[in-house]
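A.B. asks: task: produce atomic coordinates for the following.
(one chain, ligands or ions: 1)
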Amino acid sequence: MEAVVDTLADLEARAAGRAPVFGADAHILCDNLVRIYKTGGASAVEVVALQGLDLLIGRGELVAIVGASGSGKSTLLNVLSGLDVPTAGLARVAGVDLLSMTPRDRLRFRRSVVGFIWQQTARNLLPYLTSFENVTLPMRLAGRGSRRERRARTGELLELMGVADCAERRPGEMSGGQQQRVALAVALANAPEVILADEPTGELDSETSDEVFAALRHANRELGVTTVVVTHDSLVSEQVDRTIGIRDGRTSSETLRRASSDGEVVAEEYAVLDRAGRLQLPREFMTALSMEQRVRLELERDHIGVWPADQGGDAGE
Ligand SMILES: Nc1ncnc2c1ncn2[C@@H]1O[C@H](COP(=O)(O)OP(=O)(O)OP(=O)(O)O)[C@@H](O)[C@H]1O
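C.D. replies: Numbers count the residues shown, from 1 in each chain. So this is what the prediction gives:
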C-alpha cells in the first residue's frame, strides 16, 4: 500500500483547525502580558508590575478587577485604555491590537472605542462647563453627528444616568455621585464598545457608591457596553457577576455570582488556571498548612490533592 505523505501546508492547516486561537472570541484579551517599569537612572531598578497576566472578558460583560495596593490593577487599566504600552505579551480590546497601534490609531481608539472614568471626580469633568457641555464635548471633538443630534444624544445620556436635572450645573454644583454619573454619560458620549473605570467610587460614601454602581450596571445592561471596573473594595463583587482577583501582577482568582436553582444568588470562588497549568494558592491556605517552596500533588479520580511537601501519600519514602 502506498503511504500518503502530508505536505507542510496540510499539517499546518490541520494544526490550526485543532487548536482554537486563545481568546479568539474575547472582547478584551491579555495573553502573557508583561509591564516592567525602569526607575532610578544609572542605578536602575526594575519593577515588574504585570508578570505574564492572562485575561479574557466577553462582549457585554460587567467585570470587577480587585487586588491589594500595588498588585498591578492601574497598570492593567492604563494598558487597556491605550495610555501605556506593555513591555511584552498580547493585549487586544475590541479587535484592536494595543501593541502595534500607530499614534493615529491610538487617538481613534481613545476617542471612540473606549470610555473612561477615573477615581478623582475632578479628572473626569471640565470644571467650567455644565454637565450638558461636558457630555457634548467629546462628540464635538470626534465630529460626531449634527449639532441637533449631539444635543439629543446628550439629553438621552443624562436621562439614562438619572442626572437630567443636573444638565445646567457645573461640577462644583453637584454631589460626588452626581458628578460620577455625569462622567459616565461623558464616557458613553461617542458610543464606546468598552467602559474602563478606575476606582470610580473610591471617593464616595457607600450609599452614593451604590448609586454609581447602579448607573454602571444600567449602562452595561441597556447599551451592552463591556464594562471593567478596577477597585480595591472586595465588596464590589456583590455588584457584578464576575470578579477577577489580581495578585503580584497576575490574575489569581475569580468569583462568579449566579442564581442557584432556588433563586438565591451564590458566589463561588475559583483559582485561575493559566494556559501553562499554573495557579496561585490563596496565601491564607498556604499559611494555614505551612506550605512553602514545594507541595505534593496527587491525581484522584475527580480532583487533585495538594499536600505540604512532608505529608500525604508516600511523601519522603
Ligand atoms: N510609573 C511607574 N514607575 C515605576 N513603578 C511603577 C509605576 N507605576 C506603578 N509602578 C509599580 O508597579 C506596581 C503595580 O502598581 P499599580 O499602580 O498598577 O498597582 P495598583 O494595584 O493599581 O495599586 P493601587 O491600588 O495602590 O492603585 C507597584 O509596585 C508600583 O509601585
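
A.B. asks: count residues in the vicinity of residue 201, would you?
C.D. replies: Per other C-beta atoms under 10 Å, the neighbour tally for residue 201 reads 25. Quick note: C-beta positions are derived from backbone N, CA and C, even for glycine.

A.B. asks: doesn't it belong to a strand?
C.D. replies: No. Counting by DSSP: H, G, I helix; E, B strand; the rest coil, residue 201 falls outside a strand, being coil.

A.B. asks: does it really touch residue 230, like I thought?
C.D. replies: No. Contact criterion C-beta atoms under 8 Å: residue 201 and residue 230 do not qualify, at 10.9 Å.

A.B. asks: find the residue at the geometric middle of the protein.
C.D. replies: What sits nearest the mean C-alpha location of the chain, by C-alpha atoms, centre = their mean, is residue 228, with 4.1 Å.

A.B. asks: that one and residue 198 touch, don't they?
C.D. replies: No. The criterion here is C-beta under 8 Å, and residue 228 misses it with residue 198 at 9.4 Å.

A.B. asks: shared neighbours, these two?
C.D. replies: By C-beta atoms under 8 Å, 6 or more residues apart in numbering, residue 228 and residue 198 have these common neighbours: residue 77.

A.B. asks: residue ranges with poor pLDDT in the stretch 1-150 of the chain?
C.D. replies: 1-4, 17-21, 41-42 (pLDDT under 70).

A.B. asks: do that again at 80, thanks
C.D. replies: Residues of the stretch 1-150 of the chain that meet the criterion pLDDT under 80 lie in 1-6, 12-24, 40-44.

A.B. asks: what about the helices in it?
C.D. replies: Secondary structure of the stretch 1-150 of the chain by DSSP state H, counting those that start in this stretch: the helices cover 8-18, 73-80, 103-108, 121-124, 131-141, 147-160.

A.B. asks: out of those helices, the one nearest the ligand is which?
C.D. replies: When these are compared by C-beta to the nearest ligand atom, helix 73-80 sits nearest the ligand, at 3.2 Å.

A.B. asks: returning to that earlier point: the residue nearest to the centre of the chain: which element?
C.D. replies: Using DSSP states H and E, residue 228 sits within strand 226-231.

A.B. asks: give me the buried positions along that strand.
C.D. replies: For strand 226-231, the neighbour count (16 or more other C-beta atoms under 10 Å) marks 226-231 as buried.

A.B. asks: can you check stretch 286-300 too?
C.D. replies: By neighbour count with 16+ other C-beta under 10 Å, stretch 286-300 contains the buried residues 291, 295-296.

A.B. asks: filter the residues you listed down to the ones close to the ligand.
C.D. replies: Here nothing survives when the buried residues of stretch 286-300 are matched to the ligand using C-beta under 6 Å from any ligand atom.

A.B. asks: could the residues you listed go into JSON lines alongside secondary structure?
C.D. replies: Listed next are these as JSON lines, based on three-state DSSP:
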{"residue": "291", "secondary structure": "coil"}
{"residue": "295", "secondary structure": "strand"}
{"residue": "296", "secondary structure": "strand"}
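
A.B. asks: tell me which parts of the stretch 1-150 of the chain are close to the ligand?
C.D. replies: Residues of the stretch 1-150 of the chain lying close to the ligand (C-beta under 6 Å from any ligand atom) are 37, 39, 47, 49, 67, 69-75.

A.B. asks: try 8 Å
C.D. replies: Listed as neighbours of the ligand in the stretch 1-150 of the chain under the rule C-beta under 8 Å from any ligand atom: 35, 37-39, 47-50, 67-78.

A.B. asks: can you tell me which of the helices of the stretch 1-150 of the chain is most buried?
C.D. replies: Among these, ranked by average contacts under mean count of other C-beta atoms under 10 Å, first place goes to helix 73-80 (a mean of 23).

A.B. asks: packing partners for it?
C.D. replies: strand 28-39, strand 45-57, strand 62-66, strand 88-93, strand 194-198, strand 226-231 (3 or more C-beta pairs under 8 Å, 6 or more residues apart in numbering; DSSP states H and E).

A.B. asks: grab the longest helix from this structure for me.
C.D. replies: Ranked by number of residues, the top helix in the chain under DSSP state H is helix 206-223.
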